[in-house]
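**Student:** curious how this folds, go ahead:
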Amino acid sequence: MERIYFDNAATTSLDPEVLAAMMPYLTTHFGNPSSIYSYGRESRMAIENARKTVAKILNAHPAEIFFTSGGTESSNTAITASVRDLGCQHIISSPIEHHATTHTIERLSHTGEAALSYVKLLPDGHIDLDDLEKLLAARNEKCLVTLMHANNEIGNMLDIQKVGTLCTAYNAIFHSDTVQTVGHFPFDLRNTPVHFVTAAGHKFHGPKGVGLLYINENIKINPFVYGGSQERNMRAGTENIYGIVGFAKALQLATENFERDSTYIKSLKGYLMEKLQTNILGVSFNGDPLGSSLYTVVSASFPKTDKSEMLLFNLDINHICASGGSACTSGADQGSHVIRAINNNPNQVTVRFSFCKHNTKEEIDRVVEKLKELI
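**Tutor:** Numbering: from 1, shown residues only. The predicted structure is shown next:
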């Protein structure tokens with residue numbers, strides 16, 4: 001039986017065109033980008049061309065783009081630097097951030113480097129912007145606001161312009177985890193009031209182990225990793241050339257095909273929601289799926305029964321890949337902190353389905369049939 005892969009928010013398959021762009025750097029073009037001979041300079045050129053490509057797509061300056069190992073490193077760098085280098089003594093975040101953010105801010109709070117406040121959530125899982133303004137207005141010290149652009153579990157999207165404008169008004173630093181949106185939506189960073197955004201290649205059919213950190217040119221931070229002059233003295237260590245080349249190529253393809261792919265994937269999301277509502281009694285959806293939300297993600301809660309308790313396990317046995325929340329926590333199934341924050345109903349089992357351009361309506365039909373049996 002063929003596997004059905006509905007966990008694209010965790011990772012996507014590598015596009016063959018991306019692999020083709022990476023291959024020369026995995027084989028013949030293996031020079032170290034820091035070497036002065038032509039062999040090394042070729043590698044250096046590849047990295048700088050990738051940087052220009054990415055900067056152009058995101059409407060940023062190439063000097064604002066830094067390549068990293070992924071979203072986690074990027075968020076850690078931005079948050080830590082905001083406290084240690086930019087003088088932020090207070091962090092404002094939400095209870096539903098990715099652990100790359102949550103664990104970093106908890107650590108800084110634990111060491112006494114920064115105080116921590118959480119903004120309230122509205123019943124549909126959106127950030128309460130009035131509460132955010134109250135929190136900002138109440139502080140005398142400099143604040144870092146770290147709020148994700150789109151939630152990886154429920155798909156809710158933040159109005160990044162509104163939050164950025166608020167941060168500007170209160171002279172706060174604004175970091176947004178945009179891992180679920182870079183490669184899925186158009187960005188115009190030159191006209192977005194944000195200091196840091198993050199991305200990970202493997203969320204849009206690029207390779208794993210490569211990401212980016214955008215650092216607005218108006219701020220200066222110190223490196224997170226020391227030991228070499230790579231990434232303009234900002235990130236020591238020999239660059240992941242093939243990863244960087246793959247990241248740029250994947251972003252280019254995602255951008256070229258955005259209209260077509262997003263329309264198609266959105267139709268899959270609508271189709272699944274409709275099929276679940278018709279076929280499964282008591283199903284409900286988390287967040288704001290028909291409002292401001294990712295077109296790639298559906299978070300569905302099913303009534304908990306003896307049968308449905310082992311739902312994810314049973315889907316797996318039937319070659320269906322979906323997740324309970326974030327893939328990053330699925331090994332030790334402690335349930336999802338995001339679902340707990342917005343829908344703390346112990347009588348429900350939550351499954352996240354996330355789609356890409358390779359999924360089909362036929363796959364959805366098969367999954368819904370299977371769910372009827374299992375619930």
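
**Student:** can I see the domain layout of this protein?
**Tutor:** Per the record, the chain has its domains at 4-12+258-374, 16-256, by automatic domain parsing.

**Student:** endpoints of the shortest one, how far apart?
**Tutor:** As for domain 4-12+258-374, its first-to-last residue distance stands at 16 Å under the measure Cα to Cα, to the nearest Å.

**Student:** show me where the stretch 51-200 of the chain has helices.
**Tutor:** Secondary structure of the stretch 51-200 of the chain (DSSP state H, counting those that start in this stretch): helices at 71-84, 99-110, 129-137, 160-169.

**Student:** save these as JSON lines, and put in mean neighbour count and mean pLDDT too.
**Tutor:** To be clear about C-beta, it is placed using only N, CA and C from the backbone, and glycine gets the same treatment. Formatted as JSON lines, those follow (neighbours: other Cβ atoms under 10 Å; pLDDT from 0 to 100):
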{"stretch": "helix 71-84", "mean neighbour count": "24", "mean pLDDT": "98"}
{"stretch": "helix 99-110", "mean neighbour count": "18", "mean pLDDT": "98"}
{"stretch": "helix 129-137", "mean neighbour count": "16", "mean pLDDT": "98"}
{"stretch": "helix 160-169", "mean neighbour count": "17", "mean pLDDT": "98"}
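
**Student:** distance to residue 324 added to those, as a markdown table?
**Tutor:** Below are the helices of the stretch 51-200 of the chain laid out as a markdown table (distance: least, Cβ to Cβ, whole Å):
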| stretch | distance to residue 324 |
| --- | --- |
| helix 71-84 | 20 |
| helix 99-110 | 14 |
| helix 129-137 | 28 |
| helix 160-169 | 27 |
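
**Student:** just to revisit the earlier point, out of the domains of the chain, which gets the lowest mean score?
**Tutor:** Lowest mean pLDDT of these: domain 4-12+258-374, a mean of 91.

**Student:** next one: that domain to chain centre, how far?
**Tutor:** Here domain 4-12+258-374 is found 17 Å from its chain centre; the criterion is Cα atoms, centre = their mean, to the nearest Å.

**Student:** and for stretch 254-272?
**Tutor:** For stretch 254-272, the distance to the chain centre is 18 Å (Cα atoms, centre = their mean).

**Student:** ok, and what's touching that stretch?
**Tutor:** Contact partners of stretch 254-272, identified using Cβ atoms under 8 Å, 6 or more residues apart in numbering, comprise 57, 183-186, 204-205, 289, 295-298, 353, 355-357, 359-361, 364, 367-368.

**Student:** buried stuff in that stretch?
**Tutor:** 254, 255, 261, 262, 264, 265, 268, 269, 271, 272 (16 or more other Cβ atoms under 10 Å).
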